[in-house]
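Trainee: Next come a sequence and a model predicted from it.
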Amino acid sequence: MALLRKINRVLVVLLVLMVCLLLHSTLLRASTRPKVSDHWKNLDNAAQVPAARLTEADDVIPVIICASEERMGATMAAINSVYSNTDVSVFFYIVTLRDAVKLTRQYIEKTKLKDVKYKILEFNPMVLQRKVKPDSSRPDLLHPLNFVRFYLPLLDINHKRVIYLDDDVIVQGDIRDLFNIKLKPGHAAAFATDCDLPSTHEMVRSIGMQTTYMGFLDYRKQGVKDLGINPNDCSFNPGVFVADISEWKKQKITKQLEKWMEENFSHNIYSSAMAGGVATPPMLIVFHDKYTTLDPLWHVRHLGWSPDAHYSDSFLQEAHLLHWNGPFKPWNYPAVHLDLWEKWFIPDPSGKFSLVRPERNS
């Protein structure tokens, strides 16, 4: 009987140990599960910025731009064009992935951009799980950084208003003019519509660009029909916009965008083949009839849609911002209006990013 009691005590101890181990494992998983706030890592110390957080009182214009390793030279050209064309203080929030943090910092510190004020933020692509399907004919449009614009309130910033820029733009005007646009009451953002500038209409027709919701949403799907959006309504390009962060949070814009990402993941309500990407359709749905219109000269686009379609020189000189959206990027070849982009390009000190240009006969 004494032996049996000893065996029972041993079994009880083993059982208690197993329960403790199980509880510890459960708590560990819970503590390491990604949270919304974990998707952004602030790299202040690496970026050599002041320890104190910037606020509206610091009187800077905050610009958010992404920097992927394979397109780093594009980001730096865009930053250079913004910085060189204004005398106001601009602060750049450069969002990148972990593998490009060192390259981003080196590109700035070892070039003429060393005096630029900036902060590097690291984006965790885990936030996109079960929201994006790998079905694009252009894989670059599925890059995680293409969706950073959905998550602006999660950035470690302290501004009521920000400017978001794609990396394939060049700014020719004074960025303060874009920043100072008056947003209408209740509007969380300002975009340029695809029907706004007569000078671009010929270009759009010549390359078969879509300028209405019909080109971005699958109107055969009941979920799209239920939106009640006229398929002939003008679309807009979300590669350049001004955002009111307070209003964005108030309207829960990020949650709405995620809802439509998940809806497409489950029911394929838009396709990359139709839209030329999967980041635009959710923005079109959420902001339909609820955005302020930008001056069209602050977003002259479609420069990257054809290597043969050109704008007039006089029109391009008037433009405040040029956008090479489309597959024909100005750092590659063929592409159009290369001189307007290349004047802002800064060679990569690491040598990883280089321009693609045709060989010239000697």
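Mentor: Structure's in. What do you need?
Trainee: Over to stretch 213-233 now: how far is its first residue from its last?
Mentor: By Cα to Cα, to the nearest Å, the extent of stretch 213-233 from end to end equals 6 Å.
Trainee: wait, doesn't Arg301 sit right on Asn325?
Mentor: Yes. Judged on Cβ atoms under 8 Å, Arg301 makes contact with Asn325 at a distance of 5.2 Å. To be clear about C-beta, it is placed using only N, CA and C from the backbone, and glycine gets the same treatment.
Trainee: Settle it for me: which of those two has more neighbours?
Mentor: Arg301 (27 against 22; other Cβ atoms under 10 Å).
Trainee: Enumerate every residue touching the more buried one.
Mentor: Going by Cβ atoms under 8 Å, 6 or more residues apart in numbering, Arg301 touches 192, 200, 237, 239, 322-323, 325.
Trainee: Specify which member of the residues you listed is nearest to Glu122.
Mentor: The closest of these to Glu122 turns out to be Gly239 (Cβ to Cβ; 21.9 Å).
Trainee: May I have the phi/psi pair for the closest residue to the closest one other than its chain neighbours?
Mentor: Sequence neighbours aside, Asp166 is the residue nearest to Gly239 in space, at 3.8 Å (criterion: Cβ to Cβ, 6 or more residues apart in numbering). With angles defined as degrees, to the nearest 10, Asp166 sits at phi -70, psi 160.
Trainee: can you tell me how far Asp166 sits from Asn332?
Mentor: As for Asp166, its distance to Asn332 is 16 Å (criterion: Cβ to Cβ, to the nearest Å).
Trainee: Scan the contacts of Arg301 and report the most crowded one.
Mentor: Ala192 (26 neighbours).
Trainee: show me where the stretch 101-250 of the chain has helices.
Mentor: Counting by DSSP state H, counting those that start in this stretch, the stretch 101-250 of the chain has helices at residues 101-109, 175-179, 198-207, 222-225, 245-250.
Trainee: Out of the ones you listed, which gets nearest to Val286?
Mentor: That would be helix 245-250 among the helices of the stretch 101-250 of the chain, by Cβ to Cβ, at 10.3 Å.
Trainee: Give me the contact list for the closest one.
Mentor: By Cβ under 8 Å, 6+ apart, helix 245-250 touches 152-153, 157, 159-162, 183, 186-189, 254.
Trainee: Low-confidence bits of the protein, can you list those?
Mentor: 1-57, 135-138, 197-209, 271-276, 360-362 (pLDDT under 70).
Trainee: and if we set it to 50?
Mentor: 25-38, 44-52, 275, 362 (pLDDT under 50).
Trainee: export the helices of the stretch 101-250 of the chain to TSV and tack on distance to Val127?
Mentor: TSV is the format used below for those (distance: least, Cβ to Cβ, whole Å):
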stretch	distance to Val127
helix 101-109	18
helix 175-179	27
helix 198-207	34
helix 222-225	23
helix 245-250	16
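Trainee: out of those helices, nearest to Gln317?
Mentor: helix 198-207 (12.0 Å).
Trainee: Buried ones in the longest strand seen in the chain, by neighbour count?
Mentor: Identified as the longest strand of the chain according to DSSP state E is strand 236-244. Of the residues in strand 236-244, 236-244 count as buried by neighbour count, 16 or more other Cβ atoms under 10 Å.
Trainee: Pro144 is nearest to which of the helices of the stretch 101-250 of the chain?
Mentor: helix 101-109 (14.2 Å).
Trainee: For that closest one, which helices and strands make contact with it?
Mentor: Under the contact criterion of 3 or more Cβ pairs under 8 Å, 6 or more residues apart in numbering; DSSP states H and E, helix 101-109 touches helix 44-47, helix 72-84, strand 117-123.
Trainee: okay if I get the ones you listed as CSV plus distance to Lys133?
Mentor: What follows is the helices and strands packed on helix 101-109, written out as CSV (distance: least, Cβ to Cβ, whole Å):
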stretch, distance to Lys133
helix 44-47, 33
helix 72-84, 26
strand 117-123, 19
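Trainee: Turn the ones you listed into CSV, including mean neighbour count and distance to Ala279.
Mentor: Formatted as CSV, the helices and strands packed on helix 101-109 follow (neighbours: other Cβ atoms under 10 Å; distance: least, Cβ to Cβ, whole Å):
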stretch, mean neighbour count, distance to Ala279
helix 44-47, 14, 26
helix 72-84, 23, 17
strand 117-123, 21, 14
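Trainee: So for Pro296, which of these sits nearest?
Mentor: Closest among those, using Cβ to Cβ: helix 72-84, at 18.7 Å.
Trainee: counting contacts, what elements does the helix or strand following that closest one pack onto?
Mentor: Heading C-terminal from helix 72-84, the first helix or strand you meet, by DSSP states H and E, is strand 90-96. On a contact count with 3+ Cβ pairs under 8 Å, 6+ apart, strand 90-96 meets strand 61-66, helix 72-84, strand 117-123.
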